[in-house]
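1. With the input below, show me the fold.
(3 chains)
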Amino acid sequence: MNSLKLNKILILTLISILLVSAFGCTQEPENKVIRMSTTTSVNDSGLMAYLQPEFEKASGYTLEITSAGTGAAIEKARMGDADILLVHSKTAEEEFIGEGFNEERLPFMYNFFVIVGPADDPAGVAGSATAAEAFQKIADSGSTFISRGDNSGTNNKENAIWKSIELDPVGQTWYESVGQGMGQTLTIADEKQAYTLSDKATFLAHEDSLAMHLEETDDMKNTYSTIIVSSARFAESNVAGAQAFVDWLKTEQARKMIAEFGVAEYGEPLFFNNK
Amino acid sequence: MELINSVLNLLFGTDPELRQIISITLQMSFFSTLFSSLIGIPAGVLVGANEFRGKAVLSRIINTLLGLPPVVAGLLVLLLLSRSGPLGNFRLLYTVEAMVIAQVLLITPFITAMTANLVGVNATAINETLVGVGIRGTKRLKYFLLDFRVPFISIILAGFGRSIAEVGAVQMVGGNVQYKTRVMTTAIMMQTNMGRFDFAIALGLILLLISLVVNTVANQIQKAAQGD
Amino acid sequence: MIELKDILVKAKDRLILDVPSLRFEKGKRYGIIGENGSGKTTLLRVLMGTVQPSQGSVGFQTKNDNIGYLPQSPYVFSFSVKRNVSMVLEDSQSRGRLARDVLKKVGLENLADSRGNRLSGGERQRLGLARVLAVPKEVLLLDEPTSATDIRGTDIVEALLQEWFEKTKGLLIFTTHAPAQALRMADEVIFLEEGKVVETGSPQTLFNQPQEPQTQAFLSHWII
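-> Residues are numbered from 1 along each chain as shown, chains lettered A, B, ... in the order given. Coordinates of the predicted model:
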């Protein structure tokens, strides 16, 4: 056939496809999609990929999960692009709640940060009673410390620890702030043979030559919360769906799954349920 | 809007960190452009002005390198410079030097290709004229360089533009370390990731401003050269 | 002085030049005439060495340095007209002055400080000639040296070439689109058609009593 006829057929096909897709996608009477905004470290730990299929099977909802740094994750909710937040930065959370964005906040699990560093531990961090003590040793010995510097949950915890010993490391030659996620920060720490504060899951999954020198001190407790985004600000927020997820987290099945996550691979759980 | 306020504040304030970021960016781009031009322009002239066996192959290689994705260049340099890599002893990773190296890898093919193309258009006529007055071999190079000096400036500035706009490679090998290797592009990415859009926008505007200045200077040079 | 033997120049499957034998003597002026595409430029390029024939040989009896070649559209560099000429001279104090002297001969002394790329076609050709003449030559190969010049420019060029010839008694080979120029300037005229030498002879002979019908056909278009 000649090119003119071919063109006509192509155009007709295109229009048909457009029409079908326009009419084919009808609105669901009930919103079955829950938009979850979480942090990269939660995503990288693999927990959500592990919980998601079970939740979707049990509830009939679909979870659409996006991850970013804590700040950007919360910003998403502020802009109305998320129905539920799963984050671990109390200060940022409280700020968000204070702005009137939430329906409910539920701290549902926790784990601990760890202090990692060069295998030979030049600052003598191991055996410290608290993270604060360890940080003091690092500062005193002038050992290089890599900070995430990205206002993430981990970063906020790190800042809280520096504050607790009344030390401002910003501008010191041994303190380097990189403004990146946990994985990249660990890579840089490995390259420079430096100390850093990390969440355990990311560290265990990360390939490097660093060693874990301190864990499970009180001042390194990291609490994870869900925050349901209020429909008062955004009418189309899927509050029902978000609530369904929060309710599911309280079930025996969910708690069991969380408690078992990581045991097979690392010999210990990566997360602990709140009582 | 609050956003506009904070953007204006940042732009016209004297935030020392901002100055540091701009300074590191300019330092890095200056050296990247310098080394890329020192290699790329003579190489481009040699390729463009001459016919030789294997020219087609060489041109194809240059064009392929032209399409080298920045992250691949970054990865290559990362592997070379990391502690476990062949050049690990120099401890060059996460330094401005590393960023320059990665950028030179990216920008040299660009400058070479543009120069070769520019020169190639007139190469036959120039060669014939030079041969006719007894100027042969390497002596020709000088006249190629002199004749195209104004377009070369445009090419160099285009290379500079690529340098300050690059983000993938410099993030990988620079590490975005505050006060040390944080440049405009990695800072913008970081601020965006943190949800601090006002900072990101302010930085973006400054970057655009620098581009505008560079382009204007290039234009003026062109005009001045043609004017007299 | 220059001897061509069994020259064949091919491009793809087209025969561009087919010259079994041609000889150029020192102390003579040769004008090559023919249509566009007849191979005039290629013949000069073969003589210059910028085109390698597929077969055949070019025998020279003079050093390369003493051969000057002027392409039909000589390239003019983006620096000053004066520098376009002085670039061929030895690095010395007087280079600028010498360049101006040559430019005066071709009537371009007023444009000495202008940028090369602002010259007209005819001015470029004269600049090219100045450049070639700046250093003494024994052989001049000129490809349509006045194709773009106006009448005044043509007069200047032809007078200059005549002066050069009388002073050096060298070898002058030029191609021309206008047979009248060959009549004026050449001792021997070579008529090329489709890459082959159809006829050679003195201008008077060729124009008044051409042997070959093609020669006659070609010249009949021109009122001399």
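2. What residues sit buried inside stretch C:138-157?
-> Buried positions in stretch C:138-157, judged by neighbour count with 16 or more other C-beta atoms under 10 Å in any protein chain shown: C:138-149, C:153-154, C:156-157. C-betas here are computed from N, CA, C, even on glycine.
3. And the average pLDDT for it is what?
-> With pLDDT averaged residue by residue, stretch C:138-157 scores 93.
4. Now do the SS call for the residue nearest the centre of chain C.
-> Relative to the mean C-alpha position of chain C, the nearest C-alpha, by C-alpha atoms, centre = their mean, is the one of residue C:142, at 1.2 Å. Secondary structure, DSSP: H, G, I helix; E, B strand; the rest coil: residue C:142 is strand.
5. ok, which stretches of the stretch 101-250 of chain A are strands?
-> Using DSSP state E, counting those that start in this stretch, the strands found in the stretch 101-250 of chain A span residues A:102-117, A:145-147, A:175-177, A:195-199, A:211-215, A:221-229.
6. of those, which approaches residue A:271 most closely?
-> Across these, the minimum distance to residue A:271, taken as C-beta to C-beta, is reached by strand A:102-117, at 4.8 Å.
7. Now the closest residue to chain A within chain B: closest residue in space that isn't a chain neighbour?
-> Proximity of chain B to chain A (C-beta to the nearest C-beta) peaks at residue B:195, 3.4 Å away. Nearest non-adjacent residue to residue B:195, counting by C-beta to C-beta, 6 or more residues apart in numbering or on different chains: residue A:75, 3.4 Å away.
8. bridging residues for residue C:55?
-> residue C:8 (DSSP bridges).
9. Please identify which of the strands of the stretch 101-250 of chain A is closest to residue A:249.
-> Smallest distance to residue A:249 across the strands of the stretch 101-250 of chain A (C-beta to C-beta): 5.1 Å, for strand A:102-117.
10. longest helix anywhere in chain B?
-> What stands out as the longest helix in chain B, according to DSSP state H, is helix B:96-132.
11. Would you mark the buried spots in whichever helix or strand comes after it?
-> Where DSSP states H and E defines the elements, the next helix or strand beyond helix B:96-132 is helix B:139-147. Of the residues in helix B:139-147, B:140, B:143, B:144, B:147 count as buried by neighbour count, 16+ other C-beta under 10 Å.
12. And for the nearest residue to residue A:119 once chain neighbours are set aside, the neighbour number?
-> Nearest-residue entry for residue A:119: residue A:211, 4.5 Å, with adjacent residues in sequence omitted and distances by C-beta to C-beta, 6+ apart. By the criterion of other C-beta atoms under 10 Å in any protein chain shown, residue A:211 has 14 neighbours.
13. ditto for the one 3 residues further on
-> Residue A:214 is flanked by 25 other residues according to other C-beta under 10 Å.
14. Mind pulling up the pLDDT for it?
-> Confidence at residue A:214, expressed as pLDDT, is 94.
15. Check the gap between it and residue C:12 for me.
-> Distance, residue A:214 to residue C:12, by C-beta to C-beta, to the nearest Å: 79 Å.
16. Check residue C:156 too.
-> Distance, residue C:156 to residue C:12, using C-beta to C-beta: 40 Å.
17. lowest average confidence, helix or strand, in chain B?
-> helix B:2-12 (a mean of 72; mean pLDDT, DSSP states H and E).
18. do it and chain A meet?
-> No: taking C-beta under 8 Å from any C-beta of the partner chain as the criterion, helix B:2-12 and chain A are apart, separated by no less than 12.4 Å.
19. Show me what that helix is packed up against.
-> Secondary-structure packing of helix B:2-12 (3 or more C-beta pairs under 8 Å, 6 or more residues apart in numbering or on different chains; DSSP states H and E): helix B:197-227.
20. export the least confident helix or strand of chain B as CSV, just CAs?
-> C-alpha atoms of helix B:2-12 as CSV (Å, rounded to 0.1, in the frame of the first residue of the first chain):
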residue,chain,number,x,y,z
GLU,B,2,7.9,32.0,51.4
LEU,B,3,9.8,30.2,48.7
ILE,B,4,10.5,33.4,46.8
ASN,B,5,11.6,35.1,50.0
SER,B,6,14.1,32.4,50.9
VAL,B,7,15.4,32.3,47.4
LEU,B,8,16.0,36.0,47.3
ASN,B,9,17.7,35.8,50.8
LEU,B,10,20.0,33.2,49.6
LEU,B,11,20.8,34.9,46.4
PHE,B,12,21.7,38.2,47.9
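21. What are the contacting residues of it?
-> Here helix B:2-12 makes contact (C-beta atoms under 8 Å, 6 or more residues apart in numbering or on different chains) with B:18, B:197, B:198, B:199, B:201, B:202, B:203, B:205, B:206.
22. That concludes my questions; thank you for your assistance.
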